[in-house]
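> One predicted model, sequence on top.
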Amino acid sequence: MFEGLTERLGDVFDRLSGRGVLGEKDIDEALREVRVALLEADVALPVVKDFIVKARELAIGEAVIRSIRPADQVVKIVYDGLVEMLGGEEPEGLKLALNPPSIILMTGLQGSGKTTTAAKLALRLSKTDRKKVLMASLDTRRPAAMEQLAMLGKQIGVETLPIVAGQSPTDIARRALQAGKLSGYDVVILDTAGRTTLDEQMMAEAAQIAQIAVPTETLLVADSLTGQDAVRTAKAFHERLPLTGLILTRADGDGRGGAALSMRAVTGLPIKFLGSGEKVEALEVFDARRVAGRILGQGDIVALVEKAATDLDQAKAEAMAKKLAKGQFDLEMMSDQLAQMEKMGGIGGVMGMLPGVGKMKKQIAESGMDDSVIRRQRAIIGSMTKTERKKPDILAASRKRRIAAGAGVDVAEVNRLLKQHRQMADAMKMMTRNGGAGMARMAQMLGIGGGGGDRLKTLGGGKMAAPDPQELQQQLEKLQGGLGGPGSNPTGMPGLGGPGLPPGFNPFKK
């Protein structure tokens, strides 16, 4: 969502870094470009003005002018300003009632992704926070809305309130509250009706439901791709409803990101979650520090670890760790790794969270690395027999032709895959030398096999835990160095070849 802004700000800071000493003229010129970049990203004008005034006041101070690396100081000032604009240091999670059930009221315009977001939130509460959740649709006007929520509930394993034809939204709300109390639910999520535009009838109905339910959280779901329209919608809803927070959907889209940057400053409401994809798992806690880091091209290693922890099949990971410890790495394991990368958002999703990769966007695009590479390579492995996957050395020319035909690719692509597998297998054998110390260390850090318990660091006060990001980055840097080199891919992961990136490219070094 912030790709354009990241690129513009990166250019500004690159020019600053080439200068040893910064005068007021240099700082004014840089901040002028930052201002243009923010306006082009559709950030509200009053927010930009306030941001630039504060940034200039800090940037022309003695701390920057006398600094050994003044350009870095300016980047830090912009980073701190973005964090403040986005909501401050600590993420604001859901505030649940001490005496359950907690009532969460979902509001928003039709088409903003409100019903899907209700299911995403329910999944997060039930899976991560171990809460017993009930969902209820109050949208009696859209024919398929109630059935849609029921289907989503079945998909994620969360109960939904049975549909009773002819009931009004207020009657459904009362029935949901009663069911929540009698059946011992921790959280009841009420999905209200939306409209294509704001209207008085919708607002009056939502206000009436809020009076009946007395929600712990009243969340507005807004489409981040609508830009400043989303900000206006939030203001209109907040005037009539006691909103407590925002959820921005389609954060993975190609919008300019201004809505997210303006939302907190204009409405005063915290952004609590970002919807970053169509899958029901694609909902992440909004953390101003990490979002600001992404905007400035610093990546988000913690989010990458969280994704791995969420999507990882623990049993399969432990089985793979045991094989790797013995120096075994067959094509079946390679396919599992590629599948894991797809679950984590594909190449783009993973690369976008690695520090410094944004600056290499052009080279990455030219290297031909995209998610179609993963799909093709999994298709090649899927065209092999079980024996061929276990023992790729038996693949003679006739077998390769059969596999290529089955996968719909050229034999050259099969050969390329086999070469990449050999390189990966050799690297794994190198890591298992000295009693497998390198592999054991990585497994310990990722929490596989019960190791590394003392190294875990709690994130955001919740139950999700992850390794210390700095230490993980050092280990990943070593792994990348061992698997990279000229002509390789920047992540050091298997099967993501192509023409390759420049020799010595390392996304972890700025």
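Nice, thanks for sending it over. Numbering: from 1, shown residues only.
> so how far is residue 131 from residue 107?
Counting by C-beta to C-beta, to the nearest Å, the gap from residue 107 to residue 131 is 21 Å. C-betas here are computed from N, CA, C, even on glycine.
> Mind checking which of those two has more residues around it?
Taking other C-beta atoms under 10 Å, residue 107 and residue 131 do not tie; residue 107 has more neighbours (27 against 19).
> Surely the more buried one touches residue 206?
Yes: here residue 107 reaches residue 206: they are 5.6 Å apart, a contact under C-beta atoms under 8 Å.
> what is in contact with those two at once?
Counting by C-beta atoms under 8 Å, 6 or more residues apart in numbering, the contacts common to residue 107 and residue 206 are 192, 241.
> Below-threshold pLDDT in the stretch 1-150 of the chain: ranges please.
For the stretch 1-150 of the chain, applying pLDDT under 70 flags the ranges 1-4, 8, 18-22, 61-71, 89.
> Please apply the same query to the stretch 301-450 of the chain.
Residue ranges of the stretch 301-450 of the chain with pLDDT under 70: 301-321, 324-327, 344-370, 431-450.
> Helices of that one, start to end?
Here the stretch 301-450 of the chain has its helices, by DSSP state H, counting those that start in this stretch, at 301-311, 314-325, 331-343, 346-351, 361-366, 371-382, 386-390, 397-407, 411-431, 433-445.
> residues touching residue 170, list them.
208-209, 212.
> In CSV: those residues, plus neighbour count.
Output for the contacts of residue 170, formatted as CSV (neighbours: other C-beta atoms under 10 Å):
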residue, neighbour count
208, 14
209, 23
212, 15
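> and which of those residues is nearest to residue 414?
Set against residue 414, the nearest of these by C-beta to C-beta is residue 209 (59.3 Å).
> Hmm, the closest one is touching residue 169, no?
Yes: using C-beta under 8 Å, residue 209 is in contact with residue 169, at 6.1 Å.
> And the strands in the stretch 201-350 of the chain?
Using DSSP state E, counting those that start in this stretch, the strands of the stretch 201-350 of the chain run over 217-223, 245-249, 271-275, 283-285.
> any idea which of those is most buried?
strand 245-249 (a mean of 26; mean count of other C-beta atoms under 10 Å).
> name the helices or strands packed onto it?
In terms of contacts (3 or more C-beta pairs under 8 Å, 6 or more residues apart in numbering; DSSP states H and E), strand 245-249 is packed against helix 114-127, strand 217-223, helix 258-267, strand 271-275.
> Quick one: mean pLDDT for that strand?
What strand 245-249 shows for mean pLDDT is 90.
> What of stretch 232-241?
84.
> So which bits of that stretch are buried?
233-234, 237-238, 240-241 (16 or more other C-beta atoms under 10 Å).
> Closest one of those to residue 52?
Proximity of the buried residues of stretch 232-241 to residue 52 (C-beta to C-beta) peaks at residue 234, which lies at 23.3 Å.
> I figured the closest one was touching residue 221, is that so?
No: assessed by C-beta under 8 Å, residue 234 is found out of contact with residue 221, at 10.3 Å.
> Now for those two: what residues contact both?
Shared contacts of residue 234 and residue 221 (C-beta under 8 Å, 6+ apart): residue 246.
> show me what contacts the closest residue to residue 376 other than its chain neighbours?
Once flanking residues are discounted, residue 376 sits nearest to residue 409: 5.9 Å by C-beta to C-beta, 6 or more residues apart in numbering. For residue 409, the contact set (C-beta under 8 Å, 6+ apart) comprises 376, 379-380.
> Backbone dihedrals for residue 409, both of them.
phi -130, psi 180 (degrees, to the nearest 10).
> please renumber so the chain begins at 551
Taking 551 as the first residue, the last one we looked at is residue 959.
> that older thread, could I get the strands of the stretch 751-900 of the chain as CSV with distance to residue 873?
Shown next, in CSV, are the strands of the stretch 751-900 of the chain (distance: least, C-beta to C-beta, whole Å):
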stretch, distance to residue 873
strand 767-773, 44
strand 795-799, 40
strand 821-825, 36
strand 833-835, 32
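> Nearest to residue 638, out of those strands?
The closest approach between residue 638 and any of the strands of the stretch 751-900 of the chain, judged by C-beta to C-beta, belongs to strand 821-825 at 10.9 Å.
> what's the closest one in contact with?
So strand 821-825 is contacted by 636-637, 641-644, 663, 666-667, 670-671, 769, 795-801, 810, 813-814, 832-836, 841 (C-beta under 8 Å, 6+ apart).
> try 6 Å
Strand 821-825 is contacted from outside by 642, 667, 795-799, 801, 813, 833-834, 836, using C-beta atoms under 6 Å, 6 or more residues apart in numbering.
> quick check, nearest of those residues to residue 581?
residue 813 (22.7 Å).
> Pull the number of nearby residues for the closest one.
Other residues close to residue 813 by other C-beta under 10 Å number 28.
> Please tell me how far it sits from residue 887.
Counting by C-beta to C-beta, the gap from residue 813 to residue 887 is 38 Å.
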